[in-house]
Structures are given as structure tokens and as C-alpha cells.
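What follows is a predicted structure for the sequence shown.
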Amino acid sequence: MLAVQGVSRSFGGVYAVRDVTLDVADGEVCGVIGPNGAGKSTLFNLITGHLAAERGEISFLGRRVDRLAPHRRARLGMSIVFQAARVFRGMTVRENVMVGLHGRTSAGFVAAALRLPRHRRDEREIAARADAALDRVGLSEWADRPADQLPIGQQRALQLARALCARPRLLLLDEPASGLRGQERERLAELVEELRAGGLTILLVEHDVAFVTRLADRIVVLDLGRVIADGPPAEVRNDPLVLAAYLGQSA
Ligand SMILES: Nc1ncnc2c1ncn2[C@@H]1O[C@H](COP(=O)(O)OP(=O)(O)OP(=O)(O)O)[C@@H](O)[C@H]1O
């Protein structure tokens, strides 16, 4: 589904991502881990299109995308949940999800401004899709409440719902577990497991090794911008290069 081939990106002459190759197969959960500064965020942004690659190719569903703007990649079926994404205050949970769907409807701005019947039909359809997504992430009961009153774990679930509304082929998660503890982290892991069971393909970039090890079918480990391991979690966890990279950091 996703093929990253020999991709590099530097900042001020120093490589943040160097000659990275990775594939994500249909239906797979692929985790990307690595110590601080390994290049995880840079790689994530290269895949989404928020950063341009200096070298290499990125293909999605068999099509070159590395010169496409982020919104064009999104339209092809990539949906992103950013680490720092916030909820819109002063809006309900349902409205927060609906925001992502406006502009994707057929009637468009003019029909909306004039409140034409077509627009009202679109609004109903959008609300129904938002409700389906909220149901999928277990937030139905919260739909009419102000979004900023949600605990942080559920705000993360809300962001997932927003991403799911676009009916992605590939879901890209940037550090989804950051800032979550105990129960909240457990709930998010269960949610990702449910999405995987539903056949969704997921790329999970995450600092928390335990979280990724539990969820991923395959893990790619970055260190100093390069891939140092790529394989099933059990294999990667015992890889001497991986252990050394993490130990080096704690030292
Ligand atoms: N916009 C930028 N300008 C300059 N240097 C950058 C920029 N973005 C990243 N870097 C550098 O590239 C390297 C990789 O950073 P990146 O944020 O991709 O790593 P990371 O694995 O996501 O780290 P962390 O786990 O700490 O978030 C680091 O040395 C970082 O300082």
C-alpha cells in the first residue's frame, strides 16, 4: 500500500532521515520507533507531504505521491492524526468531527450559504457519518457535549473519529499515546486493535516501545535517521543494534 524507497531529508547539512526504505502492506499495522532525534517525526512528515524529500520515492496505492501536496495525498486515502492536534473549543464532539467533512460534500459553499435543500441533505449526511465514526471509537454518548470537556484520552479518540470519517485506506498516527497514562493508554490500544481487526492499514509512529510492540505486526526501528531493524516485534525487541541504540540514549 505504501512504499518508501531510499528517502532522505537533511536540515542544515545534517541528515534527519537518510536513505530510508520501508513498505506497509494492505491490512498491516506497521510501527516506527527509535530513540530521541532518530528521525521519526521527519519520516512521518515526508510521508504525509508536510516536508519534501530531497531524494527517494514515495508511492501510495501504486502511485508516486512524493511531489503531491498533503491535501492531495489525503484525497487519495491517507488520513493523519497529528500528535499535537487539538479539539475546537465551543463546539460539541459531533461538530468537531463534522468540521472535517465539510468541503467534501457535493453541494459546496454556495448551496450552504443559501441554505438550499441540497445543503440540508448534505448536513444530515455529514451528521450521520460523524455519528458512525463516533460510534466506532466509543464516543457516541459524548456526541452532544462540549469537546473541550473531554478527558485527553477521549480527545485522542475524537481525533481518530475525525480521521476515520474520511474513510482512509491508510491511517497515519503520530505519537498517539503521548501524554496518555494507564487506563487511557489501554483504551487507545484497544481502539487501534479494533481498527486493525476491521482491516484498516495503519502506520504508527511512536515513542512508547511497549505500545508499538503490542499493536504492530511489523516494526521499523530508526536511529540517527537510518533504518537499523525491520521485522516482527519479537525479533526487533532482541536485536543487538536496537538494544544498543536505546541503551546509548539512556547512557
Ligand atoms: N525543522 C527542523 N530543522 C532543523 N533540524 C530538524 C528539524 N526537524 C528535525 N530536525 C532534526 O532532525 C533530527 C531528527 O528529528 P525528528 O524530530 O525527526 O526525530 P524524532 O525521532 O521524531 O525525535 P523525538 O522522538 O525526540 O520526537 C534531529 O536531530 C532534529 O534536531
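Structure's in. What do you need? Residues are numbered from 1 along each chain as shown.

Show me which residues of the stretch 1-150 of the chain are close to the ligand?
Neighbours of the ligand within the stretch 1-150 of the chain, by Cβ under 6 Å from any ligand atom: 11, 16, 34, 36-42. No exception for glycine: its C-beta is placed from N, CA and C like everyone else's.

Greatest separation within those: which pair is it?
With Cβ to Cβ as the measure, no two of these lie farther apart than Phe11 and Gly34, at 16.6 Å.

out of those two, which sits in the more crowded spot?
With neighbours defined as other Cβ atoms under 10 Å, Phe11 and Gly34 compare such that Gly34 has more, 27 against 10.

For the residues of the stretch 1-150 of the chain next to the ligand, which single residue is the most surrounded?
Most neighbours among those, by other Cβ under 10 Å: Gly34, with 27 neighbours.

Which helix or strand contains the residue nearest to that residue when sequence neighbours are not counted?
Nearest residue to Gly34 in three dimensions, chain neighbours excluded: Leu222, at 3.6 Å (Cβ to Cβ, 6 or more residues apart in numbering). For Leu222, the host element (DSSP states H and E) is strand 218-223.

Direction included, what does the next helix or strand after that strand pair against?
Counting by DSSP H and E, the element after strand 218-223 in chain order, helix or strand, is strand 226-231. Strand pairing for strand 226-231, using DSSP bridges, gives strand 218-223 (antiparallel).

ok, and what's touching the strand or helix carrying Ser79?
Secondary-structure element containing Ser79, defined by DSSP H and E: strand 78-81. By Cβ atoms under 8 Å, 6 or more residues apart in numbering, the surrounding residues in contact with strand 78-81 are 47-48, 60, 74, 156, 159-160, 162-164, 166, 168-174, 176.

Next up, the contacts around the residue in the stretch 51-200 of the chain positioned nearest to the ligand.
The minimum distance from the stretch 51-200 of the chain to the ligand, using Cβ to the nearest ligand atom, falls at Glu175 (7.5 Å). By Cβ under 8 Å, 6+ apart, the contact set of Glu175 is 83, 205-207.

Redo those residues as TSV? Include neighbour count.
As requested, those are arranged in TSV below (neighbours: other Cβ atoms under 10 Å):
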residue	neighbour count
Gln83	18
Val205	24
Glu206	24
His207	17
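
Among those, which one lies nearest to the ligand?
When the contacts of Glu175 are compared for distance to the ligand (Cβ to the nearest ligand atom), His207 wins out at 5.2 Å.

gap between the spatially closest residue to the closest one that is not a sequence neighbour and Ile33?
Distance criterion Cβ to Cβ, 6+ apart; nearest residue to His207, sequence neighbours excluded, is Glu175 at 5.8 Å. Separation of Glu175 from Ile33 (Cβ to Cβ, to the nearest Å): 11 Å.

Glu141 now?
For Glu141, the distance to Ile33 (Cβ to Cβ) stands at 34 Å.

May I see the buried residues of the biggest helix by length in the chain?
Longest helix of the chain, by residue count under DSSP state H: helix 117-136. Within helix 117-136, the residues that count as buried by 16 or more other Cβ atoms under 10 Å are 118-119, 122-123, 126-127, 129-131, 133-134, 136.

what about dumping the CA coordinates of that helix to PDB?
As requested, the backbone C-alpha atoms of helix 117-136 are provided in PDB (Å, rounded to 0.1, in the frame of the first residue of the first chain):
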ATOM      1  CA  PRO A 117     -32.300  21.800   0.200                       C
ATOM      2  CA  ARG A 118     -29.200  20.100  -1.200                       C
ATOM      3  CA  HIS A 119     -27.200  21.600   1.600                       C
ATOM      4  CA  ARG A 120     -29.600  20.500   4.300                       C
ATOM      5  CA  ARG A 121     -29.400  16.900   2.900                       C
ATOM      6  CA  ASP A 122     -25.600  17.200   3.000                       C
ATOM      7  CA  GLU A 123     -25.700  18.300   6.600                       C
ATOM      8  CA  ARG A 124     -27.800  15.300   7.500                       C
ATOM      9  CA  GLU A 125     -25.500  13.000   5.700                       C
ATOM     10  CA  ILE A 126     -22.400  14.600   7.400                       C
ATOM     11  CA  ALA A 127     -24.000  14.300  10.800                       C
ATOM     12  CA  ALA A 128     -24.800  10.600  10.100                       C
ATOM     13  CA  ARG A 129     -21.300   9.900   9.100                       C
ATOM     14  CA  ALA A 130     -19.900  11.700  12.100                       C
ATOM     15  CA  ASP A 131     -22.100   9.700  14.400                       C
ATOM     16  CA  ALA A 132     -21.000   6.500  12.700                       C
ATOM     17  CA  ALA A 133     -17.400   7.400  13.300                       C
ATOM     18  CA  LEU A 134     -18.100   8.400  16.900                       C
ATOM     19  CA  ASP A 135     -19.700   5.100  17.500                       C
ATOM     20  CA  ARG A 136     -16.700   3.300  16.000                       C
END
